[in-house]
Structure formats: C-alpha cells, structure tokens
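**Q** Mind folding the following:
(one chain, ligands or ions: 1)
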Amino acid sequence: MVQLQDLCIEHTESLKNALIKIDDNAQGLLFVVEQQKLLGILTDGDVRRSIISGCDITGSITEIFNKNYVYLHHSASVEEIQQTLNEKIKVIPLLDDEGKLVDFSSYYRLHRTPVLEPLLGGNELEYVTDCIKTNWVSSQGKYVQQFEQTIMEYTRAKYALAVSNGTVALHLALVSLGIGPGDEVIVPDITFGATLNAVVLAGAKPVIVDVEPNTWNMSIELLIKALSNKTKAIMPVHIYGIPCNMPDIITLAKKHELLVVEDCAEALGSSINGQHVGTFGDVGTFSFFGNKVITCGEGGAVIFKSASAYEKAKVLRDHGMTPGKRYWHDVVGYNYRLTNLQAAIGCAQFEQLETFREKRSNIFSWYEKYLLSSGYFSTQQLPENYQSSLWLFTAVLKSTCLIERDNLISKLAKLGIDSRPIFYPMSDMPPFKDYQSLLVGNAKAISKRGISLPTSVYLSEKEVKLISEEVINCIAGFNSFKGMVKSNA
Ligand SMILES: Cc1ncc(COP(=O)(O)O)c(C=O)c1O
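**A** Next comes the predicted model:
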C-alpha cells in the first residue's frame, strides 16, 4: 500500500529523484512540501515535459510544480472525497488547519479490486437456510445428490461424486483407478501444486513435462518422450480453462494402455467440439473453491467413465465403509464428502453458470479491446472448436515491456488492483525438484512474465477499462522512465 511519505517530495529535490519516486509510487504524482507544508503538486507529465524541453535531469523541481491544486480538509467525509475524485483528480491531499499535509485519499484507497471474488447473489442464502431449517447440514441431504445430478447433466458424464475439494478429487481419482506406488504419472510443469501433491500422496511418482509455448498446456511431443515402462497414467491439466489436446492424448493413451486423469479444476465449461473436458479421460476432477468458475466455498467433484471406478471411489470417499453394512470396513478409506450446506451453495451457483459465462465472456472481450490492443501482451491460444471456461484473464508480458512482472504486480497493488503471478514451474519447487523432468524452458518463460488480472463476474466495462489503462500506464511509464534515466545518466 502507498504511504503518505511515498507521495511527498521536498521542493528542493531534483527532477531525477522526482521521476524515480513517481515511478515507485505508481500514482503519477507527488506532493511538493517544505517541512510538511504543502506547496504544490508535481505530476509525471510536468517532469517529463520539462526534461523533453531541455531541463537538466539533475536540476530542481522548484520551477515546475503546480501551485494551484485541489485539496480537502482531513476531516472531509467519504462522500465529499468521492465527489471530488474524478477521471483527472485521482489523488487528493488532506490538510490540517495550518495547511500541513497530514494524509491523502484516492480512488484506490476507497476501492480495491480483488482478482477473483465469488458472486453469491442467487438462491444461495435460500438453499443454505433450507439446510439449516431442516437440519440437513452434513453430507447427507438432497442438495448433494442434486449437485451430482447437475454435474452429470452439464458435463454429460455417466457418473459423478461430490467431494470436499479439488485436491481430494484428484487423490480419489488416482486411488480409485489403482494408481499408486511404483507407478509414474505424467504431469505438466505449469499447474497448481495440488496436481502433483495428489500424485505424491497416492504414492506414485510425478514425471514433469514442459508445456507448449502457445497453449501453456502439457506438450504432447515431450509427453511421448517421457513415457517409460512404469508410466501408468497421464494427467492433463486444462490450465486457465484452455482445453489440452485431448484427442491426441487419448490416442496416445490407448496405444500405450495408459489411464487418463483430467484435472479440470479451472475448466468447468471448457469443451472440445462440444464435448466437455473431463469426459475424454477415465476420470475428470473439478474444484469449487471460492475463486473458481462456480463455488461451494470449498468443494470438488469427480466424474467417471466406468461404473467400477465410480463404485470404488464412492466407498473410499465414505471412510471405506462397506455399503449396506454400517461401521464395517473392507478397505481403508477417507472422509472426502461434501456437506449438504456446501452442495446447496453449489446448486445455486450452477443455476447462474450460463449468466456467469456471458459476463466472463464480456470481461475477456473488454480486456481484448482495452488491454491486448496495446500490443504489450501475448495470451494463450485457443485452438479452433475449443471452448474455454474463461476462468481467469491471464496474459504474458512481451519482451518489449521493460518492467519486471513482480514490479508490475506491486505497482498495481499500490493502485488497489489485485493481480497474481502465473503458477511457478512445478520443477522449480523443493518438493518436486527430484522428479524426472523433460523441460525446454517454456514453463519458466511463461511463468516469469505471466500475470492474472481481475476477472470477477460483477466487473463493469468501465472498471475493466480503468484496470487496463492503469496496466498500460505502468508499463509505458516504466519504459519511458528507463529511457529517460538511461539517456540522461
Ligand atoms: C489446476 C488445479 N488443480 C487442483 C486444484 C485444487 O483444488 P482445491 O483448491 O479445490 O483443492 C486447483 C485449485 O485450487 C487447481 O487450480
């Protein structure tokens, strides 16, 4: 967060120091002070114009700052501040009775944009209330069954099980298919750690392969190279909702008699030629964490092709208890059940899935219009006839952008805009470092320069435009800052 001292500069300071400070605070201006008394405001434009017109970068800012500025008393109400803020005035100094600078306010201090927030404006409250009023709060109750039924109808899967989260969905999928010690499972280098955690927890060994530079998904070419006589399964992850090349993966799996577990945690609504992801492989898993396409708070699901894997998973999900014989165990199992309360939220969310999809589609097209048109970013390629879940808008900074991705994230945070780095390569992290890997540097390159931007379904075109403008300003500002400091060094 930006502090008052990040915005203040003494009136005797140099243009160069002002430029560095403005670049650092990402607010586009400074308050010029003399021992805490506000003398004026110096904008990014003031400094740049004076350097372009020939002023020495080491010269003082005294002559160029603006002495006519808008300010408010520090006791001003939020309404007063909101009325004063506009497209031009984004930061307001707050003064005491003696004209001393004691605080500031800004659009971003009053308004933070999270990267992904659920929208719970449908029947969530009514259905959860129903659970409470009827006392069905644990894992039995009508919403769990209704949720599973809805998942089957939506994905056109034969069998579905609701579970506690997307991680245990993966673990349950692996163990119900008999994948365990001695087996190798091929996984992509870019994914969330849960994918590999589940393989390790099942007792199998993940074999990491690099991703394709255009789709950011598992490379089929490297996947072929990674096959060994221990390979038991392939685990494609439809990263950021872009489907992997499932037709090719399935052909390969059939040829080598391998199992396929699709990690669709981010891909509810993703399909290839109208076929939902998760139904190509033997098993598909979903996550309904708070930031996913739809949410249960925490939640997950597994969809199955075969009745036998489904039946086995159903027992394992429920402590391994033998159906029809309460408290009797023929196998060791888990408690991976979803509660009726969580499923109630999930059912209400499912009712809004198509509306959410339309909203996400708008958000993606606004980013295309206002951000991608800048030419600063490249994005994942969506092959023809592939449909994405449009989960989270994510793009990679091109090499023409001099700003480091983490610096951009921190500048955006100072503007109240929440963003995230792309997942780190799995092969870089301590618990997965030893797993045999086929890497060519693609995941590393994507991960180093990739950033996810706010994609909550309630965002308006105005908000996406503003976010895009701020991102572009940060990049362009940094490029020209680097240029100015370098040419005047
Ligand atoms: C690719 C991927 N796999 C698995 C998971 C794990 O899901 P959960 O957080 O519900 O356990 C997530 C998300 O969190 C994910 O993004």
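**Q** Are we agreed that residue 224 is in a strand?
**A** No - with DSSP: H, G, I helix; E, B strand; the rest coil as the criterion, residue 224 is helix rather than part of a strand.
**Q** That one contacts residue 252, doesn't it?
**A** Yes - here residue 224 reaches residue 252: they are 6.8 Å apart, a contact under CB atoms under 8 Å. In short, each C-beta sits where N, CA and C put it, glycine included.
**Q** if I pick the residue of the chain found nearest the ligand, what's in contact with it?
**A** Closest contact between the chain and the ligand, by CB to the nearest ligand atom, is at residue 166 (2.5 Å). Applying CB atoms under 8 Å, 6 or more residues apart in numbering, we find residue 166 in contact with 194, 263, 265, 285, 286, 287, 288, 289, 292, 300.
**Q** Wait, the third one touches residue 287, no?
**A** Yes - taking CB under 8 Å as the definition, residue 265 is a contact partner of residue 287 at 3.7 Å.
**Q** what do those two both touch?
**A** Joint contacts of residue 265 and residue 287 (CB under 8 Å, 6+ apart) are 166, 169, 300.
**Q** Report the spatially closest residue to the last one, excluding sequence-adjacent ones.
**A** Using CB to CB, 6 or more residues apart in numbering and skipping the chain neighbours, the partner closest in space to residue 300 is residue 169 (3.7 Å).
**Q** Show the subsequent helix or strand relative to the strand or helix carrying the one you found.
**A** Using DSSP states H and E, residue 169 sits in helix 166-176. Downstream of helix 166-176, the next assigned helix or strand under DSSP H and E is strand 184-188.
**Q** Okay, now the sheet partners of that following strand, with direction.
**A** strand 205-209 (parallel), strand 231-234 (parallel) (DSSP bridges).
**Q** how about the CA coordinates for the shortest one, as PDB?
**A** Okay, so that is strand 231-234. The C-alpha coordinates for strand 231-234 follow below in PDB (Å, rounded to 0.1, in the frame of the first residue of the first chain):
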ATOM      1  CA  THR A 231       4.100 -44.900 -16.800                       C
ATOM      2  CA  LYS A 232       0.600 -45.700 -15.600                       C
ATOM      3  CA  ALA A 233      -1.300 -42.500 -16.300                       C
ATOM      4  CA  ILE A 234      -1.300 -39.100 -18.000                       C
END
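**Q** what's in contact with that strand?
**A** In contact with strand 231-234 (CB under 8 Å, 6+ apart) are residues 174, 177, 179, 183-186, 204, 207, 218, 223, 249, 252-253, 256, 258-261, 281.
**Q** switch to 10 Å and redo it
**A** Here strand 231-234 makes contact (CB atoms under 10 Å, 6 or more residues apart in numbering) with 173-174, 177-180, 182-188, 199, 202, 204-205, 207, 209, 218, 220, 223, 226-227, 244, 249-250, 252-253, 256-262, 281-283.
**Q** Any idea how far it is from the middle of the chain?
**A** Distance of strand 231-234 from its chain centroid, counting by CA atoms, centre = their mean, to the nearest Å, is 28 Å.
**Q** what number of residues lie near residue 343?
**A** Residue 343 sits with 28 neighbouring residues when counted by other CB atoms under 10 Å.
**Q** Which other helices and strands does the helix or strand hosting it contact?
**A** Assessed by DSSP H and E, residue 343 sits inside helix 340-351. In terms of contacts (3 or more CB pairs under 10 Å, 6 or more residues apart in numbering; DSSP states H and E), helix 340-351 is packed against helix 124-134, helix 142-155, strand 159-163.
**Q** Give me the contact status of it with the ligand.
**A** No - remark: helix 340-351 sits outside contact range of the ligand, by CB under 6 Å from any ligand atom, the gap being at least 11.2 Å.
**Q** Can you point out the buried residues in that helix?
**A** For helix 340-351, the neighbour count (16 or more other CB atoms under 10 Å) marks 340, 341, 342, 343, 344, 345, 346, 347, 348, 349, 350 as buried.
**Q** The fourth one reaches residue 298, doesn't it?
**A** No - at 11.5 Å, residue 343 does not count as touching residue 298 under the criterion of CB atoms under 10 Å.
**Q** and for the two, which residues touch both?
**A** Joint contacts of residue 343 and residue 298 (CB under 10 Å, 6+ apart) are residue 288.
**Q** now the contacts of strand 231-234: which count as buried?
**A** Using 16+ other CB under 10 Å, the buried members of the contacts of strand 231-234 are 173-174, 177, 179, 183-188, 199, 202, 204-205, 207, 209, 218, 220, 223, 226-227, 244, 249-250, 252-253, 258-262, 281-283.
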